[in-house]
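Engineer: sequence isn't available, so here's the structure alone:
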């Protein structure tokens, strides 16, 4: 039976025989009941990925020592392990500019309790346009105007504020400003962006205009972890929709906005469900 | 490293703690290296499903004794276990009538080696129309004309022929004839049908005409295991495509045919990859 | 060149030669410049459908006489003609219950000006749950509690209120209450519902539970004009999304909600763009 | 009523008021009955596009003079007009290399009469691999081995052969060889290619490998008219399918092949239905 108190272990390492057995024995012997187990072997790169979730009710190891205990299992080379607990909320900060569609979409899900165990303590923007949206939902809305001169300084203030609010994950919900490398490095694999094209096509500025010019018959959206290389980070989710010659640039924008909010919401879902592992600029998503 | 000699074990039973550990230990202790493991717990029905694939090169148990050894693990109530070996081909018989699109599609994949370790020793039809297709691909094409009076007798002959050809799985590739209960019971969960609608909508005859009359904006196709209840068997794969008022019944048929062959091909793929488990008229597919 | 002042004429009648010429000549001779023309002939039923949009800047006939002038063209039997003007807003009332996802989605589009020339003077609900959403967007929120005894009376009050607010179109944005025949007849082809399944499958109550029970591999949503026959009205838009054995009923609901809001939004878009014609329980949509 | 003898007129020119009226009057006065009319105005470029289909039974102008008569209508600047007749078959040549999936798909449709009024007099290849496929369908299969030295000469022979067979349209059904500019210029907007990615992403060689490397969550296919700029021609049709981390390059190829044949088949359909107009490297498709 599933309870509200479970642990999630995410592992990636070099593959070798017996890894699944090692991990499941470890959990079983410590009186955890496995409720979900997903495993993936990348045969091309010889990499092992695992996500295992078990009940904590009778687990013999206290949560603060689980990580250490996992390390002692000597699973494999290049081991990367993360442990999460379902009763510890993930804290998101939403970064926005002027477009409200992704923001409303996330907040409506949040208010309805559809995001799972998530808290949104903060909205950050480079403009004041959406201030009233924050007010309506009772979420602090902080404006940091950015220009070339003040960017580094403003980002430092943003980071301090995020730390103060114990933010785990930054959601760029159509934040039309590039975050600097140093900002992104503060939240490795924890800054999620939505780009309004099916990457790698139409990276950079004005993708709908690029798409219109090329005369494509589909438009898309891509949610990915932000990395220092613009629009090059590991992709979490993508989707496309058909368009035709009847669609003006404005129609592409309109259709694309629907994709953007859905694709971003799915990415947030998989991320906050702790179902995403990142390796070599690729994601493994145990959906 | 993956070799060409692997075993696949499919298990379903009542869930209880430790099942994954039991199975993986069993394989590990017998010197099998797990290359794929998928597990699913149906929390609603408290059921456990597992698919595990391991290398047979150094495995200590001979293949004919593996099933027995699995039973001795005392996994859980209502245990259903199947063992397959990647080097033992699955033998398909294709049942067809007059429409050739699914038949050509399957044979083209077969000839190109895209179906994996599959053999197609036989095509069966209730009409002679597609006889030349069989000839072109060098596959025996057997005609069994069916009417109400002779149906039982003809089906007995078909079954005998299928047994003679050691057929595992029957593919109804737009076979426009209902197979009797007694036929289907000869091949439990091994008769795959393609129905030209998104079931449960438009079951029965002339689904595209029904869809046209209802004025739907999508048409679909459904591949499922045939059961004695017409169009009610466990669903393997479904897909839909958008249609509009511009589409006549003939256009629905045209667009639908593309769906039919793709959806059927995907169902055949999952089935022959031994990735499908059936329980309570539902499928678990470890794709 | 397109201006902000255009007229839209929607026509359906029995087909006969020369109809397009008659209409385009009529517009041309009265100094209208056609900016969009769509025409469809239903060859099966021998019906003619047309949507034509022209600039009103120099048009010789005053807008209040255009309908009359069209009737004098003697187009065809069973003529149904509607004339709309792009500068006259469409007034929507949103009917809701407890689920907020469609409501927020529509209001976010409305606030961003994405719905075109539309006004939303009123939200109606049978519960108080979403009252705060109306308040946040500054839109009157009227609660009409419904039970079997008071339904007729309450609906009369609702109709009076809608008339008072000059409402053209009622959007059932997950209004979990059946509107009576007499209510629907007050707004023929102007009550838009969203049903949370790919109709005609899973009509009626709890479609996601029905879908789960059947073990389908897709779930869907359908937006249609409400008619006295529950879930049987003319379909405007449908879409589906893939699901798997991993999806619980709750997951189907979660995935389905995304479809519901997108499908409903598209239906509202086509409707308010005056691109939908209804005939014989089917829609022609000049998208 | 629709007959088998109809004419299709495709027009593009600079937009101006009255064009629809001019054309429909022209047809009406010459006793043609319009059965389909589609019109599109590109407001951005101020361009007018039209496709009109009418019955030829009582039409007063002989078919060989219709083009001339259309020119006399003085429709607009930069007029491009094409006239086709439904009873005159379109003759396709299929260009292939080693992969058979698109070839079988097209030939199966052809044999079933699903391509409309189309003839396939010839298959051309740079390899002998698929010779037997041509033989099975009774279609001449001509092999032209290509290397850098002989390419120009071989292409001249191909062109001569195509002329001899009165070929209108060349279908590159996974022809893994670039056609030279001079070849393409012989068949302007009549060489259809299928590229195995969602262009403009992954143009050039080995798109599935590129897609795998980038870690995308969708793969796609694009059918376009070939132009001297590789993979840059006007797009006719595109579609995508979801993939995951479980999909190896081989899986992407397998899933992609299904897309390739469907997308190419749709492009052939729109092209042979004379529903495609090309202007400024973009297509208008009156589907």
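Structural biologist: Cool, got the structure. None of these values were measured; they are calculated from a predicted model.
Engineer: in a helix, residue A:107, correct?
Structural biologist: Yes - with DSSP: H, G, I helix; E, B strand; the rest coil as the criterion, residue A:107 is part of a helix.
Engineer: go ahead and confirm it touches residue A:133.
Structural biologist: Yes - between residue A:107 and residue A:133 there is a contact at 7.1 Å, judged by Cβ atoms under 8 Å. Every C-beta, even on glycine, is put in place using the N, C-alpha and C of the backbone.
Engineer: OK, contacts around residue A:223?
Structural biologist: A:192-195, A:235-238, A:263-264, A:266-267 (Cβ atoms under 8 Å, 6 or more residues apart in numbering or on different chains).
Engineer: near the nearest residue to it once chain neighbours are set aside, how many other residues are there?
Structural biologist: Nearest residue to residue A:223 in three dimensions, chain neighbours excluded: residue A:267, at 3.5 Å (Cβ to Cβ, 6 or more residues apart in numbering or on different chains). Residues lying near residue A:267 (other Cβ atoms under 10 Å in any protein chain shown) number 27.
Engineer: in the strand or helix carrying residue A:267, which residues are buried?
Structural biologist: Following DSSP states H and E, one finds residue A:267 within helix A:249-272. Buried positions in helix A:249-272, judged by neighbour count with 16 or more other Cβ atoms under 10 Å in any protein chain shown: A:251-272.
Engineer: then stretch A:230-239?
Structural biologist: A:231, A:233-239.
Engineer: touching chain D at all, it?
Structural biologist: Yes - using Cβ under 8 Å from any Cβ of the partner chain, we find that stretch A:230-239 touches chain D at A:234-239.
Engineer: re earlier: the residue nearest to residue A:223 contacts residue A:237, correct?
Structural biologist: Yes - between residue A:267 and residue A:237 a contact is recorded at 4.6 Å, counting by Cβ under 8 Å.
Engineer: tell me if residue A:156 really is in a strand.
Structural biologist: No - with three-state DSSP as the criterion, residue A:156 is helix rather than part of a strand.
Engineer: okay, the closest residue in space to residue A:117 that isn't next to it in sequence: pLDDT?
Structural biologist: Nearest residue to residue A:117, sequence neighbours excluded (Cβ to Cβ, 6+ apart): residue A:89, at 4.7 Å. With respect to pLDDT, residue A:89 scores 97.
Engineer: burial count for residue A:89?
Structural biologist: Counted with other Cβ under 10 Å, residues neighbouring residue A:89 total 16.
Engineer: how close does it sit to residue A:121?
Structural biologist: 10 Å (Cβ to Cβ, to the nearest Å).
Engineer: same check, this time on residue A:187
Structural biologist: Taking Cβ to Cβ, one finds residue A:187 at 15 Å from residue A:121.
Engineer: comparing the two, which shows the higher neighbour count?
Structural biologist: Taking other Cβ under 10 Å, residue A:187 and residue A:121 do not tie; residue A:187 has more neighbours (19 against 16).
Engineer: for residue A:125, give its distance to chain D.
Structural biologist: Noted for residue A:125: a distance of 29 Å to chain D, by Cβ to the nearest Cβ, to the nearest Å.
Engineer: pLDDT score for the nearest residue to that residue once chain neighbours are set aside?
Structural biologist: Distances taken as Cβ to Cβ, 6+ apart place residue A:96 nearest to residue A:125, at 5.0 Å, with adjacent residues excluded. For residue A:96, the model assigns a pLDDT of 98.
Engineer: tell me who's in contact with residue A:96.
Structural biologist: A:102-103, A:123-125, A:130, A:173-175.
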